[in-house]
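**Q** Give me coordinates for this.
(chains A and B)
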Amino acid sequence: MKFKTLFAASVAFAVAGTTLAHAEPQAEVLHWWTSGGEARSVAVLQKEFASRGGKWTDMPVAGGGGDAAMTALRARVLAGNAPTAVQLKGPAIQEWYEEGVLANISSVAKAQGWADVLPASIAGHMKCEGKWCAAPVNVHRVDWIWANAAVLAKNGISMPTSWDEFNAAAAKLQAAGITPLAHGGQAWQDATVFEAVALGIGGPEFFQKAFVELDQATLKSNTMVKVFDQMRIMRGFVDNNFSGRDWNLATAMVMNGEAAFQIMGDWAKGEFLAAGKRPGIDFLCASTPGDGFLYNVDSFAMFAVDGSDKTDGQLLLAELIVGKNFQKVFNMNKGSIPARVDVALDDFDPCAHTSAQDMATSNAGGSLLPSYAHGMALRGAQAGAITDVVTAHFNSDMSSADAVEMLATAVTNSM
Amino acid sequence: MMEWMEKQMPKLVLAPSFAASLIFVYGFIGWTAWVSLTKSKLLPRYDIVGPIQYQRLFDSPRWDVALSNLFVFGFLFIVISMLLGLVLAILLDQKIRTEGVIRTIYLYPMALSLIVTGTAWKWILNPGLGFEAMVQSWGWDSFTFGWLVDPDMAIYTVVIAGVWQASGFVMALFLAGLRSVDQEIIKAAQVDGIPTWRIYSSIILPSMAAVFLSAFIVLAHLAIKSFDLVIALTGGGPGYATDLPATYMYTMAFARGDIGQAASSAMVMMMVVFAIVVPYLYSELRARND
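**A** Reported below is the predicted structural model:
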């Protein structure tokens, strides 16, 4: 008797469950935004999704800067059961598209007029063979240089506008017993500094040819030798204990005046703000010497799913991600700027204003470029091959000429 | 019926584990070998294109570093662990009073996970935080010990941490070996007035050949599959100076979406293991057939 009731109840429940599930849009979202501010931002999206009648299944996979999530994704795709939306960026979106597993969300993109509000080069990453397949969340600028305002004032130094100025300032700081450049010796951090230097010394056209088109002549050019020369100089401005240091510890060194500068993307701003430092007063932000804007855009790629409830959920999710409200709230939490250009920035800090203005001018001038160090410009294998050379050069006494030679071979070998 | 069951029982019981290892060990070795001959990138592909992944592998300077690190680390790790373990075992074998306590202390590192060992040694060897800073704070200002941050020396810090972890275990193996030597022979030698060092070098150690071999095999496979120690201690750095084949494979497979490259490096790792294990198996099997 008891069993029968239980059985009947569970059947009723299951039936109710399935009818319910069919009625509401569903989305399973794979991401690795699990730390404080990021998790709060995702919760905002989750709430919006629920208020529009959707059912959100959260699938956070932390660890390894997304490596763990990618492993989970690969397993899901191979099992023929892909999540609705996955935090993916840059060429990785195209890579997955080539595996034939992405969905087409052009309908929502057209309805929402994405093409009018997103910068063209960023929109390019979100399209697979002309059809929209991903939704951008934010724009991180990578080529920032952060400084401790008090340290600079005390030593009579202003924010450098050329690499020569930077070198002179750094030498002066070093003489005063301050570490000029706070840096962590992890491969991706070496690459972050390297691409800022490459953009500054070579200019946007050089950067485009070398790190987007992988042009052999440019990779072997004299300009590249100069870039490595500057990297060798920068190595002298780093303290001896930098190996393996995390980026936020390097930021802390700038904060407490142990070091003067750090070259890092605008997620470093979050560290400053979290420590109660005020932009323009306690810390300074400026683009690294030279023209151009290196962006690192987080986005959600939409995977092909079955069932109208899931596709409805997917389209709703895409609409909300690019929606003004989420773009604003998320980016205020994360330190980046909205990907769409029509969001009012009144509540953002001065650094974000600089970033937005520079993005607009760079977009107009054709120097809005993808960051290679953060996986926006190249696929994993090629970007990794370049980073190997950069970090090997930075951490040894290799000559610039050898490094350039090695760079060209490594890129060829990675194809 | 019962009789048949009784006869077949061992086979029936063993069948699941046999099938499991057939699929999950040898099956996947075969799969990896197949994938290593393809152009697999993000997801595995199955059209064979020849040995290009192996060409790429041996053209890569990073793989050269990883492979030579394996030989440096493997050789030093095995030799030093065995020597240290042997010396500790012989010293402990002198019928000392607190043997139990000391044995536990030396064996204890084995109970730690390699991640813990790596992290602890990372702090100890960090020049600004650990040993160097401590000695300098004692007043010896010119003292430097920056192996951890020196690309040429960093691999030796991995050896230090590895030896610290494994030598206690080797000691336990050798101690068991020493105890298993026939006491009558030793007593007879002592009666004949043979010095202790001679008893060890001519009687006890030669009769422990099997223990040496087991210790070697255990240490060799620990060295080849070493992964977590490097990840925790140096993260493969500075640069990629302490990369090992296992960390190289992980990077290619999981960080760079280059499965073909990862598969070929895994195959080379397996060949290195075979080069060590096959002679051992061969000698074992031949000895049994004699």
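**Q** Close to chain B: what parts of the stretch 151-300 of chain A are there?
**A** Counting by CB under 8 Å from any CB of the partner chain, the residues of the stretch 151-300 of chain A close to chain B are A:185-187, A:190, A:239-244. From N, CA and C alone the C-beta is placed, and that goes for glycine too.
**Q** Now rank the residues you listed by neighbours and give me the top one.
**A** Of all those, the highest neighbour tally under other CB atoms under 10 Å in any protein chain shown goes to A:D190, namely 27 neighbours.
**Q** For A:G290, give me its contacts.
**A** Residues near A:G290 by CB atoms under 8 Å, 6 or more residues apart in numbering or on different chains: A:143, A:162-163, A:199-201, A:203.
**Q** doesn't it fall inside a helix?
**A** No: secondary structure of A:G290 (DSSP: H, G, I helix; E, B strand; the rest coil): coil, not part of a helix.
**Q** before we move on, the earlier item: give me the buried entries from the contacts of A:G290.
**A** Neighbour-count burial (16 or more other CB atoms under 10 Å in any protein chain shown) applied to these gives A:143, A:163, A:199-201.
**Q** what's the closest of the residues you listed to B:A15?
**A** The closest of the buried ones among the contacts of A:G290 to B:A15 turns out to be A:D143 (CB to CB; 62.0 Å).
**Q** quick one: that closest one from A:V193, how far?
**A** 10 Å (CB to CB, to the nearest Å).
**Q** what is in contact with these two at once?
**A** Common contact partners of A:D143 and A:V193 (CB under 8 Å, 6+ apart): A:I263.
**Q** Could you verify my assumption that B:V211 touches B:A176?
**A** Yes: using CB atoms under 8 Å, B:V211 is in contact with B:A176, at 7.4 Å.
**Q** which of these two has more neighbours?
**A** B:V211 (20 against 12).
**Q** can you confirm that one is in a strand?
**A** No: using three-state DSSP, the assignment for B:V211 is helix, not a strand.
**Q** part of a strand, is A:M70?
**A** No: A:M70 is assigned helix when assessed by three-state DSSP, not a strand.
**Q** Now A:L102: closest residue in space that isn't a chain neighbour?
**A** Residue nearest to A:L102 in three dimensions, not counting chain neighbours: A:C133, with 4.5 Å by CB to CB, 6 or more residues apart in numbering or on different chains.
**Q** And for B:D150?
**A** Nearest non-adjacent residue to B:D150, counting by CB to CB, 6+ apart: B:P238, 7.5 Å away.
**Q** Wait, a helix at that neighbour?
**A** No: counting by three-state DSSP, B:P238 is not found in a helix; it is coil.
**Q** Tell me how many other residues surround it.
**A** Residues near B:P238, counting by other CB under 10 Å: 26.
**Q** ditto for A:A111
**A** Neighbours of A:A111 under the rule other CB under 10 Å: 10.
**Q** Tell me which residues touch residue 57, please.
**A** Because you didn't say which chain, this covers chain A. A:T57 touches A:26-29, counting by CB under 8 Å, 6+ apart.
**Q** Switch to chain B, please.
**A** So B:L57 contacts B:63, B:261, B:264-265, B:268 (CB under 8 Å, 6+ apart).
**Q** any idea which element it lies in?
**A** Using DSSP states H and E, B:L57 sits in helix B:52-59.
**Q** Following element in sequence after that helix, please.
**A** helix B:61-92.
**Q** Chain neighbours aside, what residue packs nearest to B:M267?
**A** Per CB to CB, 6+ apart, closest to B:M267 is B:S36, 5.0 Å.
**Q** Enumerate the residues of the stretch 151-290 of chain B near chain A.
**A** By CB under 8 Å from any CB, the residues of the stretch 151-290 of chain B that approach chain A are B:151, B:234-235, B:237-241, B:251, B:254-258, B:261.
**Q** Listing request: residues of chain B with sub-threshold pLDDT.
**A** B:287-290 (pLDDT under 70).
**Q** center of it - which residue?
**A** B:L222 (1.9 Å; CA atoms, centre = their mean).
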